[in-house]
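In: Predicted model and sequence below, questions to follow.
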Amino acid sequence: MNLTLGQLKDAYLTFLAALNRRDLETAFAVLAPDCEFRTPPHMPDQQLLFGREQVTAFFDKAFEVLPDWHIESARILQAADDVFATLDQGRVSSGAQTVQEIATVIELRDSMVVRVHQYTSWVEGLRACGLDSSISADGLNPSGQTG
C-alpha cells in the first residue's frame, strides 16, 4: 500500500516532533530494519548508515555536539510513488543563530522508510529526486507549514 502525500506529511511531522524532543526510538521506529541512510555529500564526515541502530547512534552523537539543534519543516513533496522530498531548516539557537537548509529524499516500501538521502541545499535534493529545483524558491514558509 502506497502512502498518500497527506499521510506522509502527518507521519513526517510526528517524526520531527519526536526528533526535536530527542525521542530517537520513536522518531526512527519508521525505519525498516535494513534501511540505508546517507548523510549530506558535502559534509566532511559524510556517512552511509545501515539500520535503525546506526542511524539512532549517529543522531545521538550529533545531539551531544549540538544539543539545541532542531529541525523545522518547510515543505513536503511527492516525487513518485513511495518517493518523497522534504525541505527543512535545521537551526541552532545558542550563540549566533545558525540556519541550514536540509533536503531529504525518502523512499518507502510497505509504509516503512527503506532509503534516506540528505542534501545541504533544497535545490540539490529536488534535483536528486527529479523535481523542478525552482520549487525551492516557491514562497516556502520555514515556520513549520507544509505545502
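Out: Ah, there it is. Residues are numbered from 1 along each chain as shown.

In: from here on, contacts and neighbour counts on C-alpha atoms
Out: Fine.

In: How about Leu77: what's its closest non-neighbour residue?
Out: Nearest non-adjacent residue to Leu77, counting by CA to CA, 6 or more residues apart in numbering: Ala85, 5.2 Å away.

In: After whichever strand or helix holds that neighbour, which helix or strand is next?
Out: Per DSSP states H and E, Ala85 falls inside strand 83-92. Following strand 83-92 in sequence order, the next helix or strand is strand 98-109 (DSSP H and E).

In: Spell out, range by range, the helices that occur in this structure.
Out: Secondary structure of the chain, counting by DSSP state H: helices at 5-20, 24-27, 51-65, 122-128.

In: and those helices as TSV, adding mean neighbour count and mean pLDDT?
Out: As requested, these are exported to TSV (neighbours: other CA atoms under 10 Å; pLDDT from 0 to 100):
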stretch	mean neighbour count	mean pLDDT
helix 5-20	16	93
helix 24-27	16	95
helix 51-65	15	93
helix 122-128	20	92
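
In: And for the nearest residue to Leu31 once chain neighbours are set aside, the neighbour number?
Out: For Leu31, ignoring the flanking residues on the chain, the nearest one in space by CA to CA, 6+ apart is Val113 at 4.7 Å. Other residues near Val113 number 22, with proximity taken as other CA atoms under 10 Å.

In: Ok, Asp132 next?
Out: Close neighbours of Asp132, defined as other CA under 10 Å, add up to 12.

In: Need the pLDDT of it.
Out: Model confidence at Asp132, given as pLDDT, is 87.

In: returning to that earlier point: between the strand holding Ala85 and helix 5-20, how many degrees?
Out: Here strand 83-92 runs at an angle of 30 degrees relative to helix 5-20 (axes from the mean of the first three to the mean of the last three CA atoms, to 10 degrees).
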